[in-house]
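> Let's see this in three dimensions:
(2 chains, ligands or ions: 1)
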Amino acid sequence: MQFTIIINGKPTCCEAAPETPLLETLRNAGIHSVRSGCESANCGICTVWLDEKPVLSCSVPTARADGRRVTTVEGMGEEAAAVADALAAEGADQCGYCAPGLIMGILAMKRELVSPTDEEIVHYLNGNLCRCTGYHSQLRAIRSLFRHEPKT
Amino acid sequence: MYRVKEYVIPKSIEECANLLQKNKRSRLIAGNLFLRMTSADIPLAIDLSGCGLDYIREESDGTLRLGAMCSLRTLETSPLLRRYCGGIISRSVGEIIGTQFRNLATVGASVFSKYGFSDVITPLLACNARVRLFAQGELTLEAFLKQPRTRDLLVEIILPAGNAAGAFSNFRNSKGDFSLLNVASVRTETGYRIAVGARPMCAALAYGAMEQLARDPAAVSLAARTAAEELCFGSNMRASAQYRRQLCAVLCQRTLIETNEV
Ligand SMILES: Cc1cc2nc3c(=O)[nH]c(=O)nc-3n(C[C@H](O)[C@H](O)[C@H](O)COP(=O)(O)OP(=O)(O)OC[C@H]3O[C@@H](n4cnc5c(N)ncnc54)[C@H](O)[C@@H]3O)c2cc1C
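Reported below is the predicted structural model:
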């Protein structure tokens, strides 16, 4: 079937079976920042925004994205680059496999929470697993992005 | 991953329910998180996302209605639910996997599927929720959990009006894992309701403990022990039945103390 998904602001015609995970459809459309991790809704690596909300693209049927806005790091330009720089500066980016999903999670959090505490950051990003860097360096990087002293 | 022959996104509940009844092998699709892990051939997939079931409504008498397609994230962040019964429904879902997961998983599928590990069924049972099924109509959540599986569509969950105090407590081996036990307690003017879930069987009310508290609201530790003794527990890879029984007394005591403090 043919679907029109507004990928990073651009209406894009995608050919897929309706139940195909959005993850697969996005990769077939050349959006390679979106990666497959656990494929069982546990790891957060495939996180994209569907109409501004972070979701797991491994679990969204393509039919459900028809006519809707899907945003990935490719569509976040400078803002995503700033998060990537902050992660790199704190040594929070090692193999980089989980980074696009994490960046989309952090940017969603920035829109939802004002000056989050460490606890709120950890809670919000609990579904973004990283298997090599560790979470302390990520937390330092995120704190620096929000530019606030952690409330303990 | 399942394969679909036909995929529809109806605009009304009636259409969804009719298609479900007409085609005995059709499946309803909600958050798709559990379904995606099946490998069935589905002749007709009925996507519930188009029929306006994503709502939380407060009636003039204070009754709350949660549409079946409300995401767990909506339950977590809704100001109405954060106030309702000490916010136990919001609290119960807040630790399930991550934000992007909870933006997809729905309350209707969680309740209709009667998952033994469910975190959200437990506080709903303690709050004396009712469910509205398209074909069967309205019944208490307790009765729904006890009845055999039917082919129906859960339309909404109804929470009684009232300003009850409540508490929720659960225990996981690690973040992101299923709870190996969860407990919710609610205190209204008419008495206590204590629900225990992830036993790992589906949540149930601890009637003996509730009666004890009706006689003496201060008998918290006795009621907690009674709950642990009266309910059944099972063993699985997460914990033994014996461990769950011990944990039940501890979590019941904690939630009851918190409930009484309000
Ligand atoms: C990796 C993982 C971890 C989880 N961890 C937890 C946890 O720790 N605690 C917890 O409480 N839950 C947990 N869950 C369960 C989760 O919260 C949801 O209950 C589950 O994903 C089902 O919701 P869904 O919206 O994804 O349903 P779907 O996968 O879309 O559907 C599940 C079933 O329900 C049927 N269905 C859907 N909606 C309706 C309806 N309105 N009426 C009738 N039938 C319907 C479908 O046909 C299907 O058979 C977990 C799930 C996964 C995949």
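
> what does chain B put close to chain A?
For chain B, the residues in contact with chain A (CB under 8 Å from any CB of the partner chain) are B:1-4, B:7, B:9, B:29, B:31-33, B:36-37, B:42, B:45, B:47, B:49, B:94-95, B:97-101, B:103-104, B:175-176. All C-beta atoms are positioned from the backbone trio N, CA, C, and that covers glycine.

> and with 6 Å instead?
Contact residues, chain B versus chain A (CB under 6 Å from any CB of the partner chain): B:4, B:7, B:32-33, B:36, B:49, B:97-101, B:103-104.

> residues near B:Arg83, how many?
B:Arg83 has 11 neighbours, counted by other CB atoms under 10 Å in any protein chain shown.

> And the host helix or strand of it, what's buried?
Following DSSP states H and E, one finds B:Arg83 within helix B:79-83. Residues B:Leu81 are the ones in helix B:79-83 that count as buried (16 or more other CB atoms under 10 Å in any protein chain shown).

> Contacts for it, please.
When contacts are defined by CB atoms under 6 Å, 6 or more residues apart in numbering or on different chains, helix B:79-83 is touched by residues B:Ile56, B:Glu58, B:Leu75, B:Ile89, B:Ser90.

> Kindly recompute the last result at 10 Å.
Helix B:79-83 is contacted by residues B:56-58, B:64, B:66, B:70, B:74-76, B:87-91, B:93, B:123, B:159, B:163 when judged by CB atoms under 10 Å, 6 or more residues apart in numbering or on different chains.

> Check which element follows it along the chain.
Of the helices and strands lying after helix B:79-83 in sequence (DSSP H and E), the nearest is helix B:88-93.

> Can you name every helix or strand that that next one contacts?
For helix B:88-93, the elements it packs on are helix B:72-77, helix B:79-83, helix B:107-112, helix B:121-126, strand B:165-172, strand B:179-188, helix B:241-261, judged by 3 or more CB pairs under 10 Å, 6 or more residues apart in numbering or on different chains; DSSP states H and E.

> Highest mean neighbour count across those, which stretch is it?
With neighbours taken as mean count of other CB atoms under 10 Å in any protein chain shown, these reach their highest mean count in helix B:121-126, at a mean of 30.

> any residue of that helix up close to the ligand?
No: taking CB under 6 Å from any ligand atom as the criterion, helix B:121-126 and the ligand are apart, separated by no less than 7.5 Å.

> For chain A, which residue gets nearest to the ligand?
Minimum separation of chain A from the ligand (CB to the nearest ligand atom) falls at A:Ala41, amounting to 4.5 Å.

> gap between that residue and B:Pro148?
The spacing between A:Ala41 and B:Pro148, counted by CB to CB, to the nearest Å, is 28 Å.

> and those two? which has more neighbours close in?
The residue with more neighbours, out of A:Ala41 and B:Pro148, is A:Ala41; 24 against 4, by other CB under 10 Å.

> what's near enough to touch the more buried one?
For A:Ala41, the contacting residues are A:56, A:58-59, A:127, B:31-34, B:36-37, B:97-98, B:100-101, B:104-105, by CB under 10 Å, 6+ apart.

> Among those residues, the buried ones, what's the PyMOL command?
Written as a PyMOL command, the selection of buried residues from the contacts of A:Ala41, which uses 16+ other CB under 10 Å, is:
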select buried, (chain A and resi 56+58+59+127) or (chain B and resi 31+32+33+36+97+98+100+101+104+105)
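
> out of the contacts of A:Ala41, which are inside helices?
When the contacts of A:Ala41 are checked against helices (DSSP state H), the matches are B:Gln100, B:Phe101.

> now, which of the contacts of A:Ala41 lie close to the ligand?
Near the ligand, taking CB under 6 Å from any ligand atom as the test, the members of these found are B:Gly31, B:Asn32, B:Leu33, B:Phe34, B:Ile97, B:Ala105.

> so how far is A:Glu39 from the third one?
With the distance defined as CB to CB, B:Leu33 ends up 11 Å from A:Glu39.

> Return every residue with contacts to both of those two.
Here B:Leu33 and A:Glu39 share the contacting residues A:Leu56, A:Cys58, A:Ser59, scored by CB under 10 Å, 6+ apart.

> Now do the end-to-end distance for stretch A:39-51.
Counting by CA to CA, to the nearest Å, the length from the leading to the trailing residue of stretch A:39-51 is 22 Å.

> Flag every buried residue along it.
Neighbour counts using 16+ other CB under 10 Å place A:Glu39, A:Ala41, A:Asn42, A:Cys43, A:Gly44, A:Ile45, A:Cys46, A:Thr47, A:Val48, A:Trp49, A:Leu50 of stretch A:39-51 among the buried residues.

> what about the helices in chain A?
For chain A, helices defined by DSSP H occupy the ranges A:22-28, A:77-89, A:99-112, A:118-124, A:135-146.

> and those helices as CSV, adding mean pLDDT?
Converted to CSV, these look like this (pLDDT from 0 to 100):
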stretch, mean pLDDT
helix A:22-28, 98
helix A:77-89, 96
helix A:99-112, 97
helix A:118-124, 96
helix A:135-146, 94
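
> among those helices, which is nearest B:Asn236?
Using CB to CB as the criterion, the shortest distance between B:Asn236 and the helices of chain A is 27.0 Å, found for helix A:118-124.

> what helices or strands is that closest one leaning on?
With contacts defined as 3+ CB pairs under 10 Å, 6+ apart, helix A:118-124 has these neighbours: helix A:99-112, helix A:135-146, helix B:99-102.

> Give me the average confidence score over the last one.
When you say that, I think you mean helix B:99-102. Mean pLDDT, computed over helix B:99-102, is 98.

> what helices or strands is that helix leaning on?
Using 3+ CB pairs under 10 Å, 6+ apart, the elements in contact with helix B:99-102 are strand A:47-50, strand A:53-56, helix A:99-112, helix A:118-124, helix B:72-77.
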